[in-house]
Every structure is written in structure tokens, then in C-alpha cells.
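Peer 1: pasting the sequence and the predicted coordinates here, then a few questions.
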Amino acid sequence: MGATLPSSSPLPGLGAVLGRLSSGALDVLLPPQCLGCGALVDAPGSLCAECWEPVVFLGPPQCAACGLPFEFSLGERALCGACSRRRPVFERARAAIAYDDASRRLILAFKHGDRTDAAPALARWLARAGGNGAGDDLIGAAQCILPVPLHWGRLFARRYNQAALLAEHLGRLSGVETHPDTLIRRRPTAPQGRMGVAARRRNLARAFAVRPRHRVRIKGKRVLLIDDVLTTGVTATACARTLLGAGAGAVDVLTLARVVRPSL
């Protein structure tokens with residue numbers, strides 16, 4: 001699905017041939033591994049059969065606002081109970097897969113295990129989730145793509161921002177301009193894995209900002225915010241509120257995975 005870069009070779013097709021040869025040589029030296037368990041697979045960026053089968057891909061029917069999956073269709077504009085009581089600050093949120101035992105190992109390997117080679121394939125999953133059509137095309141409506149940022153200290157320790165990698169590859173697939181340095185995390189925040197909603201809100205209070213010189217990039221635009229996992233929505237809400245306060249016209253959220261309530 002990825003775009004092919006134009007060849008700089010003066011001989012037509014030579015660049016493509018050399019690319020295939022180098023790719024083949026690399027596969028011999030470093031055979032492609034399953035994104036989930038590391039088993040050998042046929043092609044880079046794929047899952048073995050055992051890891052693929054339990055992954056739950058999300059899509060309609062779902063809440064028109066937060067993307068929570070429904071058991072049956074309630075209409076394109078139907079809202080879940082939480083969004084009916086209080087609409088999110090962001091306009092729409094969608095996710096590619098459910099965050100559960102089957103997907104956790106894959107996502108943690110990408111996030112903390114240096115599996116940056118997974119980014120192109122995972123971005124294709126994002127493209128599928130964010131381009132459903134029928135009035136629900138987040139990518140088609142987006143005027144710019146921004147990742148949820150890491151604080152510079154955590155970025156230095158981890159060496160990469162997984163959300164920025166996803167945003168970069170999604171931008172290449174979609175042609176939508178991507179700005180990884182517009183939204184910043186201006187102070188370090190504690191890991192939120194074991195925090196409740198109220199604690200997460202306190203943890204992220206005034207944590208995000210838009211660089212003043214980059215406000216023109218989002219002024220009046222529909223921004224597509226990219227992250228790896230949507231859990232309580234507190235991080236997405238904090239980022240969306242910051243972007244809207246800095247002049248963005250609207251904010252949609254697209255994540256690789258999301259927590260789905262056990263009742264569903």
C-alpha cells in the first residue's frame with residue numbers, strides 16, 4: 001500500500017531492480033519476523049497465523065463520537081451512553097484494533113521493544129480504520145496530522161516516539177501533511193498505566209502546548225491526532241483541548257488500539 005519513491009537512476013527501472021536485490025539480500029541476512037511473537041514469516045510487517053487469528057479489528061457499528069464498538073447497528077449517528085451524557089472535546093475517535101491480551105504483546109513490542117520495523121504495517125491498519133468512508137473518513141477530512149508527543153526526557157531514553165512513527169508513515173500513505181513538532185509535552189508526566197481517570201487528569205494538567213511559531217499550521221484546520229492506545233481518553237482530551245485553544249478548527253483522534261469495555 002505504501003507509495004513507491006521515484007528512482008534517481010538514469011536507467012529506467014534500475015532503481016527498482018536494485019531495491020528488490022537489496023531487499024532480498026536483507027531478507028537472507030535478517031529474515032522477516034512476526035510482529036507479535038518474532039516467528040519467521042513470509043513478508044516484513046506481517047503476523048504469523050497464530051498471532052493474527054485472535055486480533056480483533058474494529059469498525060462499524062460503533063459510537064459516532066468515541067468509536068466504542070456496538071453489538072448491533074443503532075444508526076450512523078448513535079452515541080454510547082458516556083458520549084450521550086457528555087460529548088468528548090474531540091469530534092471523533094477511531095481505532096484499528098481492540099487492546100486486549102492478543103494485541104498487547106504486539107503493541108508493547110512496538111512501543112518499548114524497538115520494533116520500529118512494525119510502523120509501516122501498523123500505519124496501514126490505521127489507514128483502514130481512519131478511512132471507512134460513508135461520512136466517517138477521518139483521514140480524508142484531515143488537513144494535518146499530529147502525533148501525541150513525548151517529553152524530551154522520555155524521548156531521549158526511548159530514542160523514538162511510537163506515535164510520531166505512526167503519524168509519519170500514515171502521512172506518507174495518505175499524502176496529508178504531518179507535523180511531529182507542533183504539539184509538545186512541556187513537562188514530564190508519570191506513567192499512567194495504573195492511574196484512574198481523575199489521577200490521569202491531574203497528571204496531564206497543563207502538560208501539552210502548541211509551539212507559538214507553529215500555530216499557523218493548525219489555525220482553523222481539522223487536525224488528526226495520532227496515538228498508540230486509547231484507554232480512558234484523558235490524553236486525547238487534553239491534547240484536543242490544547243489544539244482547539246490554539247486555534248484548530250476541529251480535532252479527530254486515530255489510534256492503533258483502544259480499550260473495549262468487558263461487557264462488549
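Peer 2: Ah, there it is.
Peer 1: gap between residue 185 and residue 106?
Peer 2: Computed as CB to CB, to the nearest Å, the residue 185 to residue 106 distance reads 25 Å. From N, CA and C alone the C-beta is placed, and that goes for glycine too.
Peer 1: equivalent analysis for residue 40, please.
Peer 2: From residue 40 across to residue 106, the span is 16 Å (CB to CB).
Peer 1: check residue 186 too.
Peer 2: Using CB to CB, residue 186 is found at 31 Å from residue 106.
Peer 1: between the two, who's got more neighbours?
Peer 2: Between residue 186 and residue 106, counted using other CB atoms under 10 Å, residue 106 has the larger neighbour count: 23 against 13.
Peer 1: contacting residues for residue 97?
Peer 2: Shown in contact with residue 97 (CB atoms under 8 Å, 6 or more residues apart in numbering): 55-58, 103, 125, 256-257.
Peer 1: got TSV for these, with secondary structure, pLDDT and distance to residue 32 too?
Peer 2: Formatted as TSV, the contacts of residue 97 follow (DSSP: H, G, I helix; E, B strand; the rest coil; pLDDT from 0 to 100; distance: CB to CB, whole Å):
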residue	secondary structure	pLDDT	distance to residue 32
55	coil	93	18
56	coil	94	24
57	strand	94	21
58	coil	94	26
103	helix	91	20
125	helix	94	17
256	strand	96	20
257	strand	96	22
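Peer 1: please, which helix or strand holds residue 255?
Peer 2: Assigned by DSSP states H and E, residue 255 belongs to strand 250-258.
Peer 1: name every strand pairing with that strand and say which way it goes.
Peer 2: In the sheet, strand 250-258 lines up against strand 92-98 (parallel), strand 222-230 (parallel) (DSSP bridges).
Peer 1: average pLDDT for the last one?
Peer 2: Average pLDDT, strand 222-230: 96.
Peer 1: mind listing what's buried along the following helix or strand past that strand?
Peer 2: Counting by DSSP H and E, the next helix or strand C-terminal to strand 222-230 is helix 234-245. Within helix 234-245, the residues that count as buried by 16 or more other CB atoms under 10 Å are 234-240, 242-244.
Peer 1: any chance of those in CSV, plus pLDDT?
Peer 2: Formatted as CSV, the buried residues of helix 234-245 follow (pLDDT from 0 to 100):
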residue, pLDDT
234, 91
235, 92
236, 94
237, 94
238, 94
239, 96
240, 97
242, 96
243, 98
244, 97
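Peer 1: looking at those, spot the one nearest residue 216.
Peer 2: residue 243 (13.3 Å; CB to CB).
Peer 1: quick check: closest non-adjacent residue to residue 131.
Peer 2: Spatial nearest neighbour of residue 131, excluding adjacent residues (CB to CB, 6 or more residues apart in numbering): residue 139 at 4.8 Å.
Peer 1: for residue 106, same thing?
Peer 2: Nearest residue to residue 106, sequence neighbours excluded (CB to CB, 6+ apart): residue 36, at 4.5 Å.
Peer 1: can you list the weak-confidence ranges in the stretch 101-250 of the chain?
Peer 2: Within the stretch 101-250 of the chain, the segments meeting pLDDT under 70 span 132-135, 193.
Peer 1: which stretches of it form strands?
Peer 2: Assigned strands in the stretch 101-250 of the chain, in chain order: 144-147, 183-185, 208-210, 222-230, 250-258 (criterion: DSSP state E, counting those that start in this stretch).
Peer 1: export the ones you listed as CSV, with columns for mean neighbour count.
Peer 2: Shown next, in CSV, are the strands of the stretch 101-250 of the chain (neighbours: other CB atoms under 10 Å):
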stretch, mean neighbour count
strand 144-147, 24
strand 183-185, 21
strand 208-210, 20
strand 222-230, 24
strand 250-258, 26
